[in-house]
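# With the sequence up front, the predicted model follows.
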Amino acid sequence: MAEGHGGYRQPSNPAPVSGPGSLSRRTDGQGARYMAGGEYGEGQEMMDLQTAAPMSKTEAPAARPRARAGRQAAPEAAMPTPLFAPTERPDEPITAGAPFGPGPGPAEAMQMSKPVNNLEVVTKYLPVLRQVATYDGAPDRFRALVRYLEGSR
């Protein structure tokens with residue numbers, strides 16, 4: 001390969017021995033390589049796979065499957081409805097929310113959702129915000145926001 005990069009690398013004699021668990025290192029002379037591009041987090045996931053895989057013929061304990069960074073396993077109740085499952089809304093037309101056919105159109109579907117009053121939501125946490133505003137180093141803009149919220153109650 002060009003300038004000695006890539007390809008097979010002869011291990012030293014005697015070959016190094018890998019440590020256990022998180023101390024393990026590849027002993028085949030190849031280093032892990034970062035994969036650029038792809039979706040967010042895929043490069044780190046590929047690095048984790050390369051560094052976690054046992055490269056020698058020694059028996060390694062089975063690793064637990066790891067969730068991708070920032071994602072959690074979905075609970076059983078949040079599983080999608082199977083394609084041929086019976087409807088969960090038997091009284092609603094299949095075209096509800098579409099710009100054609102029976103049922104409410106897109107404009108009506110948007111009006112059915114309850115508007116959120118952000119001021120109501122934030123003022124629920126006013127006691128905590130008031131406490132944080134007393135901390136040393138709290139930004140003046142944050143303190144001004146808390147004063148504004150206290151005045152708007």
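Perfect, thanks for sending it.
# Downstream of the helix or strand bottoming out on mean pLDDT in the chain, the next helix or strand is which one?
Taking mean pLDDT, DSSP states H and E as the measure, helix 106-112 is the helix or strand of the chain with the lowest mean score, a mean of 74. The helix or strand immediately downstream of helix 106-112 is helix 118-123, counting by DSSP states H and E.
# which helices and strands sit right next to that next one?
For helix 118-123, the packing partners by 3 or more Cβ pairs under 8 Å, 6 or more residues apart in numbering; DSSP states H and E come out as helix 140-151. Any C-beta I mention is one placed from the backbone N, CA and C, and that applies to glycine too.
# could you give me the average pLDDT of the helix it packs on?
On average, the pLDDT along helix 140-151 is 88.
# hang on, the earlier thing: who's in contact with the least confident helix or strand of the chain?
Helix 106-112 is contacted from outside by 96, 97, 98, 99, 104, using Cβ atoms under 8 Å, 6 or more residues apart in numbering.
# Would you show me how to pick out the buried ones of those residues in PyMOL?
Filtering the contacts of helix 106-112 down to the buried ones (16 or more other Cβ atoms under 10 Å) takes a single PyMOL command:
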select buried, resi 96+97+104
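# what's the closest of the contacts of helix 106-112 to residue 50?
Of all the contacts of helix 106-112, residue 50 sits closest to residue 97, with 45.3 Å by Cβ to Cβ.
# list the contacts for that closest one?
Residue 97 sits next to 103, 104, 105, 106, 109 when contact means Cβ under 8 Å, 6+ apart.
# switch to 6 Å and redo it
Going by Cβ atoms under 6 Å, 6 or more residues apart in numbering, residue 97 touches residue 109.
# what residues are up against residue 82?
For residue 82, the contact set (Cβ under 6 Å, 6+ apart) is empty.
# What helix or strand is it located in?
Residue-wise, residue 82 maps onto no helix or strand under DSSP H and E.
# Got the confidence number for it?
The per-residue pLDDT of residue 82 was computed as 86.
# Just read off the phi/psi values of it.
Dihedral angles of residue 82 (phi, psi; degrees, to the nearest 10) stand at phi -60, psi 150.
# Quick check, pLDDT for residue 4.
60.
# do the same with residue 77
Here, the pLDDT recorded for residue 77 equals 55.
# got it, and residue 135?
Looking at residue 135, its pLDDT reads 91.
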